[in-house]
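S.K.: below are the sequence and a predicted model for it; my questions follow.
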Amino acid sequence: MEALEVEGLKKTYVSKNKRVEAVRGISFYVNKGEVFSILGPNGAGKTTTIKAILRLVIPEEGKVHVNRIDISKHISEALKNLSAVLEGNRNIHWKMTVYENLRYFGYIRGLGGRFLKRRVEEVLEFVELTDKRNELAGKLSRGMQQRLAIAIALLPDTPIILLDEPTLGLDVESSIKVREMLIRLAKKGKTILLSTHDMHLVEKVADRVLIINNGKVIVCDKKENLINAFKKKAYKIVFEGEDHYVDLKKYGKLYEENGEKILEVQLENMEELYKIMDYFKEKQIEIKHLESIMINFEEIFVNFVRSGRQ
Ligand SMILES: Nc1ncnc2c1ncn2[C@@H]1O[C@H](COP(=O)(O)OP(=O)(O)OP(=O)(O)O)[C@@H](O)[C@H]1O
């Protein structure tokens, strides 16, 4: 069942002498309990899409349903299901402590009394900031500020959480912490929509991926399918042979590993593989084994964006 449905979203920013078609007809859905990632280069329209879902920008076309509720018609009802961590840490009060921030934003979301008190402790523990509760938010590291922003979003315990670039500008350790947090949230059954261009994050947490460029969808599929689409086309050929093998360089990357000679190739189709195998035969170089290899998600992304540039 879909937790989020986005249909035909269009948003054009118009200023005095400029029109930017930021989102040009984007549609997708996010299933309940799924981690769905929007991936795209700078300016692709990721932030605009997330803001349009939250009605922070009003799209000129398109529909957004949150748990089957049309957000343009029943905004407060729909928003009860959503919380968001937007880009940057602007939604934190620098001069308040961690604890005061959580109380303050809890009140804003309509929480109070014993429930809020308990929730504050729970989220503090979840983001591992319990021992920083009395520190001023402005004095925290960037990674901790991001965790505080996530804690604030978690307070109302909504079923759907949107995150825009949650690891942007964070050091490796903090990025890993955020990544682990998202995995824990997914395990709790939360529906997560995140925008990012952090490939590691996508590789580790996403179930399905939507790749967009210039405000349009290039592809939307399960992460595994996207990986497999290219995995089949990348091969590692382990071979034996003394002479001639330097010529193989023209086919791909040639190297030695643990005393084995390896040729790594990326191919458009099987014909190309057969051609290479014929060449091995002709030169009497023995192939010991051949395996399809995984190319990393970054390469997959670049391949899709290149092939589908709109
Ligand atoms: N308020 C605005 N007024 C005018 N143009 C805007 C506005 N906000 C975004 N844009 C433009 O719309 C396009 C899409 O921007 P958006 O922020 O949605 O992309 P993004 O994929 O989130 O990129 P980034 O990763 O750089 O944030 C860009 O060309 C951007 O310059």
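M.R.: Received the coordinates, thanks. Numbering: from 1, shown residues only.
S.K.: let me see the contact set for the residue most central in space within the chain.
M.R.: Geometric centre of the chain, nearest residue: Ser37, 3.8 Å, by Cα atoms, centre = their mean. For Ser37, the contacting residues are Leu193, Leu194, Ser195, Thr196, Leu201, Val202, Val205, Ala206, Arg208, Val209, Leu210, Lys223, by Cβ atoms under 8 Å, 6 or more residues apart in numbering. In short, each C-beta sits where N, CA and C put it, glycine included.
S.K.: list just the nearest of those residues to the ligand.
M.R.: Distance to the ligand across those (Cβ to the nearest ligand atom) is lowest for Ser195, with 6.4 Å.
S.K.: I figured the closest one was touching Glu165, is that so?
M.R.: Yes. Under the criterion of Cβ atoms under 8 Å, Ser195 makes contact with Glu165 at 6.0 Å.
S.K.: burial count for Lys204?
M.R.: 16 (other Cβ atoms under 10 Å).
S.K.: check the one 3 residues further on too.
M.R.: Each residue near Asp207 was counted by other Cβ under 10 Å, and the total is 16.
S.K.: and the pLDDT for it?
M.R.: Per-residue confidence (pLDDT) for Asp207: 96.
S.K.: got it, and Leu210?
M.R.: Looking at Leu210, its pLDDT is 93.
S.K.: which residues are contacting the host helix or strand of it?
M.R.: Assessed by DSSP states H and E, Leu210 sits inside strand 208-213. With Cβ under 8 Å, 6+ apart as the test, strand 208-213 has contacts from 26, 28, 30-31, 34-41, 44-46, 49, 202, 217-223, 226, 301, 304-305, 308-310.
S.K.: now which of those would you call buried?
M.R.: 26, 28, 30, 34-40, 44-46, 49, 202, 217-220, 223, 226, 301, 304-305 (16 or more other Cβ atoms under 10 Å).
S.K.: now, which of these lie within helices?
M.R.: Lys46, Thr49, Val202, Lys223, Leu226, Phe301, Phe304, Val305 (DSSP state H).
S.K.: those: which ones sit near the ligand?
M.R.: Lys46 (Cβ under 6 Å from any ligand atom).
S.K.: pick the one among the ones in helices among the buried ones among the contacts of strand 208-213 closest to the ligand.
M.R.: Lys46 (3.5 Å).
S.K.: list phi and psi for the nearest residue to that closest one once chain neighbours are set aside.
M.R.: Nearest residue to Lys46, sequence neighbours excluded (Cβ to Cβ, 6 or more residues apart in numbering): Ser195, at 3.8 Å. For Ser195, the backbone dihedrals (degrees, to the nearest 10) come out as phi -110, psi 140.
S.K.: who does Ser195 bridge with?
M.R.: Judged by DSSP bridges, the bridge partners of Ser195 are Ile38, Asp164.
S.K.: please enumerate the strands of the stretch 151-300 of the chain.
M.R.: 160-164, 191-196, 208-213, 216-222, 234-240, 253-257, 260-266, 286-292 (DSSP state E, counting those that start in this stretch).
S.K.: what pairs with the third one, parallel or antiparallel?
M.R.: Yep, that's strand 208-213 we're talking about. Its sheet considered, strand 208-213 pairs with strand 35-39 (parallel), strand 216-222 (antiparallel) by DSSP bridges.
S.K.: and the angle for the first one with strand 160-164?
M.R.: I take that to be strand 35-39. For strand 35-39 against strand 160-164, the angle by axes from the mean of the first three to the mean of the last three Cα atoms, to 10 degrees is 20 degrees.
S.K.: how about strand 35-39, does it get close to the ligand?
M.R.: No. Contact of strand 35-39 with the ligand (Cβ under 6 Å from any ligand atom) is absent, the minimum separation being 8.1 Å.
S.K.: all helices for the stretch 101-250 of the chain, in order.
M.R.: Counting by DSSP state H, counting those that start in this stretch, residue ranges of the helices within the stretch 101-250 of the chain are 113-126, 142-154, 172-187, 199-205, 223-231.
S.K.: which of these has the lowest mean pLDDT?
M.R.: Among the helices of the stretch 101-250 of the chain, helix 223-231 has the lowest mean pLDDT, at a mean of 81.
S.K.: could you check the angle that one makes with strand 35-39?
M.R.: 50 degrees.
S.K.: OK, contacts around the spatially closest residue to Leu210 that is not a sequence neighbour?
M.R.: In space, Leu210 comes closest to Cys220 once its chain neighbours are excluded; the distance is 4.5 Å by Cβ to Cβ, 6+ apart. When contacts are counted by Cβ under 8 Å, 6+ apart, Cys220 is found next to Phe28, Arg208, Val209, Leu210, Ile211.
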